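>>> okay, predicted coordinates and the sequence, questions at the end:
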Amino acid sequence: MTDFFHPDRLQKLADLKGLGVLPYPARCPEGRERAAELLADFDARKGQTVTIAGRVMGRRGYGKLAFLDVIDESGRIQACLQKDRLSSADFALLKCMNLGDFVSITGELSTTKVGDPTVFGDGAGDSVGNFTILCKALENPPEKWHGLSDSELRARRRYVDLFSNQEVRNDFLRRSAILRAMKDIFFGHGYHEVETPVLHPIYGGANARPFVTHHNSLDMQLYLRIAPELYLKRLLVGGIERVFEFARVFRNEGLSQRHNPEFTMVEFYQAYSDYRGMVELTEELVVGAARAAGLEQENGKICATFREVEYDLSPPFQRVRYADAFREHVGVDAEDRPALEAKMAEHHVKVGGNGEYHWWKAVNDLFEELVEPELPGPVFVTDYPAAICPLAKPSADNPVWAERFEFFLGGMELANAFSELNDPQLQLQKFEEQVADLDDPEAPNQVDMDYVRALAYGMPPAGGCGIGIDRLIMVLLGKDSIRDVLLFPHMRPEVGLADASGGSDPESKTSGVETPEAPVQ
RNA sequence: GGGGGCAUAACUCAGUUGGUAGAGUAGUUGGCUUUUAACCAAUUUGUCCCAGGUUCAAGUCCUGGUGCCCUCACCA
């Protein structure tokens, strides 16, 4: 369907072919170097012949001379093509080039009259290939000064957002650097990176509504994982003592500035440690991530600015016991039920059902309403009510409390950790209570008996933690919305686009995938 | 799911009281050998988100729908 593409560009494409030039060659001239390295090394490299390659984002033409802004992953560099310095065949290509095309230029690295470092395309006489078009673009790039500004278009066409805005590109490269720094810390502590199933026959490890899917040839219902937790702890049973997984998890809930249906969390488990060890490691990870994000200042302070509030991420972070924070900000003792009932009435908090779980859930609602806003962070809140922690080990001193912490930063819960419950009978009892609880729509639908059996074989005492990566990166990069830290946030299908190619019928394509035995044309 | 806002050219945006659809960028043509948002001259491009309604006349007013953003609820 030709009218999907721009007629102007198709004409240029035809012109190129008329010149006998391939618009999509397979190979780039060898020895291509990146813009940023050439500029960083400019004094030493000046006068040398170099080759650059990238996308043309600017052109200033003078008839017998043209300046091009060429961008690659590292940044921008200027090129200059002159009629009396290039072969006529190469110079003629300028006529067929548009903004957005990929090109390569070979020539002298030098400066212009105003001192701007520039690659001057070289190659007199019959030499060809010192200016080449590497890829002809058939779609117009966005406005050169503003780029894409509509947030929907930016997300839908992230590829355009990325090449038209270096800040955006840098931010996603910073995300990559943050993940790498965190992995380095894990490896430095003797951790192993593992991958566990995404398709779960029973969903668990968190309270959330799952996505449901179906395996055709097994004819069974499966869930996209809401957490990797129960599989990772099976590995502790198996004798792998330190594991982490950067896990994409899926939760079938509403979308918001802080929620995407799929998101990334890192979970990590360490045998012979406990939640106190996880506090230390989590702090190290957050600090390492902040350093990788470039937030360390010359004076050694580490600061992040998120939603116009500055957070000091210089360790150590504050630690506060749940019960202490509760008493301070709610004004009553978390174990004083009569006083709590009055507080709940005052703040319209309702107990959702019978039993300890629902009571403590309501207490925790009070905590979330009255205490969490007072904890901008970074802060570790430790020792949570055991009744709302089905996977955490109760405190030996007072089983009302569990060995659990949550880490808050930027007004969000960024991490959740326990001393992992490894008593198989207690775990089974807690699972059964969850499944029996019909008041909670997010409770697991059945007990994962294989996990209980794994515990029955014996799991060493361990600490485990999960960190919400996307939210951490929001704070570190100062992004208000999770959509700005996800390369491709979830979007509804673009209306009209599927029809644009004209020929294909999405219905028949889908049925072909699902019924491979159907005749193939 | 509730409430509020936005939708005009490939991109960024104007569009008056309801009266022939606009600018800049990009593209095209011509000029120009040191520009860098180059400049000068000419020029092409529209399902004004969709469907109804009011009106002599709707980009503009009304109703419904779609998409996105903000906010609340749920959640990490």
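Ah, there it is.
>>> pull out the buried residues from the host helix or strand of residue A:289.
Residue A:289 is located in helix A:275-292, with elements delineated by DSSP states H and E. Across helix A:275-292, burial judged by 16 or more other C-beta atoms under 10 Å covers A:275, A:277-279, A:281-283, A:285-292. Using the backbone N, CA and C atoms, a C-beta is placed for each residue, glycine as well.
>>> which residues does the nearest residue to residue A:181 once chain neighbours are set aside contact?
Leaving out its chain neighbours, the residue that sits closest to residue A:181 by C-beta to C-beta, 6 or more residues apart in numbering is residue A:292, at 3.5 Å. Contact analysis of residue A:292 by C-beta atoms under 8 Å, 6 or more residues apart in numbering lists A:174, A:177-178, A:180-182.
>>> repeat for residue A:259
Residues in contact with residue A:259, defined by C-beta under 8 Å, 6+ apart, are A:251, A:253, A:482.
>>> try residue A:471
Contacts of residue A:471 by C-beta under 8 Å, 6+ apart are A:258, A:410, A:412, A:414, A:482.
>>> between the helix or strand it falls within and helix A:275-292, how big is the angle?
For residue A:471, the enclosing helix or strand under DSSP H and E is helix A:469-477. Counting by axes from the mean of the first three to the mean of the last three C-alpha atoms, to 10 degrees, helix A:469-477 lies at 50 degrees to helix A:275-292.
>>> now helix A:469-477, how far from the centre of its chain.
A distance of 9 Å separates the centroid of the chain from that of helix A:469-477, by C-alpha atoms, centre = their mean, to the nearest Å.
>>> what about that helix, near RNA strand B?
Yes: using C-beta under 7 Å from any atom of the strand, helix A:469-477 reaches RNA strand B at A:470-471.
>>> what does stretch A:156-165 give?
No: using C-beta under 7 Å from any atom of the strand, stretch A:156-165 stays clear of RNA strand B, with a minimum separation of 8.0 Å.
>>> quick one on the thing from earlier: which residues does the helix or strand following the helix holding residue A:289 contact?
Once helix A:275-292 ends, the next helix or strand along the chain (criterion: DSSP H and E) is strand A:303-306. Identification of contacts with strand A:303-306 by C-beta under 8 Å, 6+ apart yields A:290, A:293, A:295, A:297, A:310-314, A:410, A:474-476, A:478.
>>> what residue in the stretch 301-450 of chain A comes nearest to RNA strand B?
Nearest residue of the stretch 301-450 of chain A to RNA strand B, counting by C-beta to the nearest atom of the strand: residue A:413, 3.5 Å away.
>>> dump the residue contacts of that residue.
Applying C-beta under 8 Å, 6+ apart, the residues near residue A:413 are A:372, A:406-407, A:468.
>>> what's near enough to touch residue A:349?
By C-beta under 8 Å, 6+ apart, the contact set of residue A:349 is A:343, A:362, A:365-366, A:369.
>>> pull out the buried members of these.
Using 16+ other C-beta under 10 Å, the buried ones in these are A:343, A:362, A:365-366.
>>> in JSON lines, list the residues you listed along with pLDDT and distance to RNA strand B.
Supplementary listing: the buried ones among the contacts of residue A:349 in JSON lines, determined by pLDDT from 0 to 100; distance: C-beta to the nearest atom of the strand, whole Å:
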{"residue": "A:343", "pLDDT": "82", "distance to RNA strand B": "17"}
{"residue": "A:362", "pLDDT": "87", "distance to RNA strand B": "11"}
{"residue": "A:365", "pLDDT": "87", "distance to RNA strand B": "7"}
{"residue": "A:366", "pLDDT": "87", "distance to RNA strand B": "12"}
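>>> out of those residues, list just those in helices.
Judged by DSSP state H, helices contain the following of those: A:343, A:362, A:365-366.
>>> okay if I get the residues you listed as TSV plus distance to residue A:90?
Output for these, formatted as TSV (distance: C-beta to C-beta, whole Å):
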residue	distance to residue A:90
A:343	79
A:362	75
A:365	70
A:366	73
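>>> and the longest helix for chain A?
Longest helix in chain A, counting residues (DSSP H): helix A:166-188.
>>> so what secondary structure elements neighbour it?
With contacts taken as 3 or more C-beta pairs under 8 Å, 6 or more residues apart in numbering; DSSP states H and E, helix A:166-188 sits against helix A:158-164, strand A:192-193, strand A:242-250, helix A:275-292, helix A:469-477.
>>> in JSON lines, list the ones you listed along with distance to residue A:202.
Shown next, in JSON lines, are those (distance: least, C-beta to C-beta, whole Å):
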{"stretch": "helix A:158-164", "distance to residue A:202": "35"}
{"stretch": "strand A:192-193", "distance to residue A:202": "25"}
{"stretch": "strand A:242-250", "distance to residue A:202": "15"}
{"stretch": "helix A:275-292", "distance to residue A:202": "26"}
{"stretch": "helix A:469-477", "distance to residue A:202": "25"}
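>>> looking at those, spot the one closest to residue A:422.
Nearest to residue A:422, of all the helices and strands packed on helix A:166-188, is helix A:275-292, at 13.1 Å by C-beta to C-beta.
>>> quick check: angle from the closest one to helix A:166-188?
Helix A:275-292 runs at 140 degrees relative to helix A:166-188, counting by the same axes, to 10 degrees.
>>> and the stretch 1-150 of chain A, which residues reach RNA strand B?
A:8, A:11-12, A:58-65, A:67, A:69, A:78, A:80, A:82-85, A:95, A:98-99, A:112-116, A:118, A:139-150.
>>> using the three-state scheme, assign residue A:265.
Put simply, residue A:265 is strand when judged by DSSP: H, G, I helix; E, B strand; the rest coil.
>>> and the pLDDT for it?
Per-residue confidence (pLDDT) for residue A:265: 94.
>>> does it touch residue A:249 like I think?
Yes: between residue A:265 and residue A:249 there is a contact at 5.9 Å, judged by C-beta atoms under 8 Å.
>>> fine by me, we can end here.
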